[in-house]
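Asks: With the input below, show me the fold.
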Amino acid sequence: MTTRIRFLGMAGYEIIGPDRRIVIDPFLTGSPNAPIHHEELEKPDVILVTHAAYDHLGDAPAIARRTGAPIVCGNDVRAMLLEYGIPPEQIHPTVWGIVVEVGGVVVRPVESHHWSHTQLKDGRYISGVPMGFILETEPGIRIYHVGDTAIFGDMKLIGELYGPTVGLMGCSNSQALLAKANFAGRLLTGEMSPREAALASEFLRLKWAVASHYLDLMNDIEKQEVEDFVSCVRELDTTGQREALYLEVGETLILEGGGYRKEL
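Replies: Sure, this is the predicted structure:
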């Protein structure tokens with residue numbers, strides 16, 4: 001069997017298992033390095049949204065509207081989706097610990113140390129619970145999309161309970177998106193620094209630790225953060241077996257026969 005994980009940029013992925021297609025945090029429109037237009041994505045069995053930030057919600061409403069695919073998300077994201085005209089019966093809100101099966105995909109939401117908030121059309125600000133997601137595409141392939149989270153000690157418990165084999169680990173930030181931000185001072189790290197993301201990979205006992213949350217490896221800062229993550233994963237690995245890797249935006253990680261290869 002084969003699982004394919006295509007990196008769409010930032011925390012966006014299209015995951016194709018032997019019998020299911022999953023889209024997570026599909027930020028394409030507005031991305032300066034989007035590898036495809038959202039209309040080029042085939043209908044997924046389910047769309048997962050970790051939280052309400054624009055670079056994570058992304059094109060989820062447009063994909064859902066075009067394809068009719070169901071969405072799993074938090075309750076604040078649900079409120080946004082309703083404003084986009086997505087029918088309530090197409091949305092399954094959930095929170096940490098409430099495992100759901102939607103579109104034939106079993107989705108396990110887990111803790112995220114972050115925030116999720118947004119503004120509705122009537123001017124009200126609402127907040128909700130950000131999430132990470134664990135899903136199994138085939139026996140032995142359990143993917144943990146961490147969303148946006150700081151490192152936290154209970155990642156060890158997540159590793160013990162659910163045994164993720166693949167971690168999509170935020171370790172960087174898009175410099176192009178940060179340049180558009182309007183706040184005092186400057187950001188020094190993302191939710192996890194490269195070393196923190198590598199330590200989280202050790203906590204989780206991952207087989208494959210995959211760098212995430214970047215857009216442009218031609219940018220010196222993003223490239224360095226991703227390279228630091230790969231280096232730190234190798235340094236902190238006590239198993240001697242962990243693979244540390246990254247993907248170019250648009251590249252696909254193919255997991256097959258206990259190994260992996262990459263394909264553009």
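
Asks: For the stretch 51-200 of the chain, which segments count as helices?
Replies: Shown for the stretch 51-200 of the chain, the helices assigned by DSSP state H, counting those that start in this stretch span residues 54-57, 60-67, 75-83, 155-162, 175-178, 194-204.

Asks: now the last one, how far from the chain's geometric center?
Replies: Distance, stretch centre to chain centre, for helix 194-204: 16 Å (C-alpha atoms, centre = their mean, to the nearest Å).

Asks: And the fourth one, by the same measure?
Replies: Shown here is helix 155-162, whose average C-alpha point lies 18 Å from the average C-alpha point of the whole chain (C-alpha atoms, centre = their mean).

Asks: Now do the buried residues in it.
Replies: Using 16 or more other C-beta atoms under 10 Å as the test for burial, helix 155-162 gives 155, 158, 159. Backbone N, C-alpha and C define where each C-beta goes, glycine included.

Asks: could you measure the second one against residue 120, distance?
Replies: Between residue 158 and residue 120 the distance is 32 Å, computed by C-beta to C-beta, to the nearest Å.

Asks: Same question for residue 69.
Replies: For residue 69 relative to residue 120 (C-beta to C-beta), the value is 23 Å.

Asks: now swap in residue 220 and tell me
Replies: In this view, residue 220 and residue 120 are 39 Å apart by C-beta to C-beta.

Asks: These two: which is more packed in?
Replies: More crowded of residue 220 and residue 120, by other C-beta atoms under 10 Å: residue 120, with 13 against 10.

Asks: OK, contacts around the more buried one?
Replies: Residues in contact with residue 120 (C-beta atoms under 8 Å, 6 or more residues apart in numbering) are 79, 80, 83, 126.

Asks: so the first one makes contact with residue 126?
Replies: Yes: counting by C-beta atoms under 8 Å, residue 79 touches residue 126, with 5.9 Å between them.

Asks: Overlap of the contact sets of those two?
Replies: Common neighbours of residue 79 and residue 126 (C-beta under 8 Å, 6+ apart) are 118, 120.

Asks: These two: which is more packed in?
Replies: residue 79 (18 against 15).

Asks: confidence score at that one?
Replies: The confidence metric pLDDT takes the value 96 at residue 79.

Asks: Same check on the one 5 residues further on?
Replies: Among the per-residue scores, residue 84 holds a pLDDT of 95.

Asks: Measure how buried it is and give me the count.
Replies: 13.

Asks: Nearest residue to it in space, ignoring adjacent ones along the chain?
Replies: The shortest distance from residue 84 to any non-neighbouring residue, by C-beta to C-beta, 6 or more residues apart in numbering, is to residue 61 (3.8 Å).

Asks: same deal with residue 49?
Replies: residue 73 (4.1 Å).

Asks: what sits against that neighbour?
Replies: Contacts of residue 73 by C-beta under 8 Å, 6+ apart are 48, 49, 60, 81, 91, 92, 93, 94.

Asks: wait, what's in contact with residue 57?
Replies: Neighbour list for residue 57: 25, 27, 49, 51, 77, 80 [criterion: C-beta under 8 Å, 6+ apart].
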